[in-house]
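Novice: Model the structure of this input:
(one chain, ligands or ions: 1)
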Amino acid sequence: MNYVHRWIDGSAIDLPVGKVVCVGRNYAAHARELGNDVPDAPILFIKPSTSLVPMAPSFSIPTDQGEVHHEIEMALLVGERLQNCDAEDARWSMAGFGLGLDLTLRDIQNELKKKGQPWERAKAFDGACPVSGFIDSRGVSWKQSIEISLEVNGELRQRGNTTQMLFSVFQLVAEMSRVFTLEPGDVILTGTPPGVAALRAGDHFCARFGNTLKVEGDVVSR
Ligand code: ZN
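Specialist: Reported below is the predicted structural model:
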């Protein structure tokens, strides 16, 4: 089944499915939990369009490649082409907001880091980016403070607030647009708060975006 972007009511969004532009260590507390330095410039990487899958009612994980970590993140859906934009342009060019999981094969990523190799095997595999439906952001005023959280099997694993980001949402999009042209239908992930941990097939998750969006579902094996 091919992935298409959807609004929270389930209807299809009339935008193509593009790349996913991501940031590493955008919450200082998460950088520290993995023993990393807090960066001066955002650490950017890309997941291909083939990594996108719906988060609910279920998504699958590889079960033969070591630990698969959940990283819950606020996701943005790009509505207009952006190149070298400023934060204000970035704000008005988003089509929607939602939640994404930056699934990470942590054991493999640690091996790759040791060898100085790129992270794609750990973060860009098929299905590595489950996303929720999007909230239409046109005509909606942007709140500075949004809490995102992830529960697994009823236990709170991750909780963070957009005010704790090292690079604020639209500053980050502007910086991304200086490196990668952002096109309608691209997705942006804005970094994960602390509490990343392993997912297992059979887990039940519940992800929240403020009071506006709640996504529940199951983790199944690939
Ligand atoms: Zn991440």
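Novice: For the lowest-mean-pLDDT helix or strand in the chain, buried residues please.
Specialist: Taking mean pLDDT, DSSP states H and E as the measure, the helices and strands of the chain show their lowest mean at helix 28-33, namely a mean of 85. Neighbour counts over helix 28-33 (16 or more other C-beta atoms under 10 Å) mark Ala28, His30, Ala31 as buried. For every residue, glycine as well, the C-beta is placed using N, CA and C.
Novice: again with stretch 91-110
Specialist: 93-106, 108-109.
Novice: Flag the shaky bits of the protein, pLDDT-wise.
Specialist: 1, 139-140 (pLDDT under 70).
Novice: quick revisit: CA atoms only: put the least confident helix or strand of the chain into CSV for me.
Specialist: Output of helix 28-33 as CSV, limited to C-alpha atoms (Å, rounded to 0.1, in the frame of the first residue of the first chain):
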residue,chain,number,x,y,z
ALA,A,28,19.7,19.4,24.9
ALA,A,29,18.3,16.7,27.3
HIS,A,30,18.2,14.1,24.6
ALA,A,31,21.7,15.0,23.3
ARG,A,32,23.0,14.4,26.9
GLU,A,33,21.1,11.1,27.4
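Novice: Can you tell me what sits against it?
Specialist: Applying C-beta atoms under 8 Å, 6 or more residues apart in numbering, the external contacts of helix 28-33 come out as 25, 37-39, 160, 164, 166, 191-196.
Novice: What's the PyMOL line that selects buried ones from the residues you listed?
Specialist: Buried subset of the contacts of helix 28-33, written as a PyMOL selection, criterion 16+ other C-beta under 10 Å:
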select buried, resi 25+160+164+166+191+192+193+194+195+196
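Novice: could the contacts of helix 28-33 be laid out in JSON lines, adding secondary structure?
Specialist: Converted to JSON lines, those look like this (DSSP: H, G, I helix; E, B strand; the rest coil):
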{"residue": "Arg25", "secondary structure": "coil"}
{"residue": "Asp37", "secondary structure": "coil"}
{"residue": "Val38", "secondary structure": "coil"}
{"residue": "Pro39", "secondary structure": "coil"}
{"residue": "Gly160", "secondary structure": "strand"}
{"residue": "Gln164", "secondary structure": "helix"}
{"residue": "Leu166", "secondary structure": "coil"}
{"residue": "Gly191", "secondary structure": "coil"}
{"residue": "Thr192", "secondary structure": "coil"}
{"residue": "Pro193", "secondary structure": "coil"}
{"residue": "Pro194", "secondary structure": "coil"}
{"residue": "Gly195", "secondary structure": "coil"}
{"residue": "Val196", "secondary structure": "coil"}
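Novice: Fine by me, thanks again.
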